[in-house]
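Q: heads up, no residue letters with this:
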């Protein structure tokens, strides 16, 4: 029994107690840091997903936009019925824009 009591007493010495407290504090700090890293990683993943979605939407819009059109035909259409097609003048390109 004496051996059990001295082992028990060794675990409760000030140095062992201090080491125990330091270890507990370190684990707590690391756990807190881990939670922060997980939170930051999650936020960055969400931002990356949003950026990818935005790029995809921009590419789809670019792919859907006509790169060239018959400017003379559009002019004839507008001239043929200005009341009906006059609004297309707002979207008429002067040809200075380069198509993609």
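A: Looks like it arrived, so ask away. For clarity, every value in this text was computed on a predicted model and none was experimentally measured. Numbering: from 1, shown residues only.
Q: was I right about residue 71 contacting residue 92?
A: Yes - in this structure residue 71 lies within contact range of residue 92 using CB atoms under 8 Å: 7.5 Å. Every residue, glycine included, has its C-beta placed from N, CA and C.
Q: What does the pLDDT read for residue 88?
A: The model reports residue 88 with a pLDDT of 86.
Q: Not including adjacent chain positions, what is the nearest residue to it?
A: Excluding the flanking residues, the one nearest residue 88 by CB to CB, 6 or more residues apart in numbering is residue 78, at 5.6 Å.
Q: And that neighbour, how close does it get to residue 16?
A: For residue 78, the distance to residue 16 equals 91 Å [CB to CB, to the nearest Å].
Q: Kindly report the same for residue 81.
A: Look at residue 81 and residue 16: by CB to CB, they are 94 Å apart.
Q: higher neighbour count, these two?
A: A side-by-side neighbour count of residue 81 and residue 16, using other CB atoms under 10 Å, places residue 16 first with 12 against 9.
Q: Does that one lie in a helix or a strand, and which?
A: Secondary structure assigned from DSSP states H and E places residue 16 in helix 14-64.
Q: I'd like the next helix or strand past that helix.
A: Following helix 14-64 in sequence, per DSSP H and E, is helix 71-80.
Q: Now that following helix: average pLDDT?
A: 90.
Q: what comes into contact with the next helix-or-strand element following it?
A: Using DSSP H and E, the helix or strand that follows helix 71-80 in sequence is helix 82-85. Residues external to helix 82-85 that are found in contact with it (CB atoms under 8 Å, 6 or more residues apart in numbering): 77, 78.
Q: let's see it at 10 Å
A: Under the criterion CB atoms under 10 Å, 6 or more residues apart in numbering, residues 74, 76, 77, 78, 79, 88, 89 lie in contact with helix 82-85.
Q: Skipping its backbone neighbours, what lies nearest the third one in space?
A: Excluding the flanking residues, the one nearest residue 77 by CB to CB, 6+ apart is residue 85, at 5.2 Å.
Q: All good on my end, thank you.
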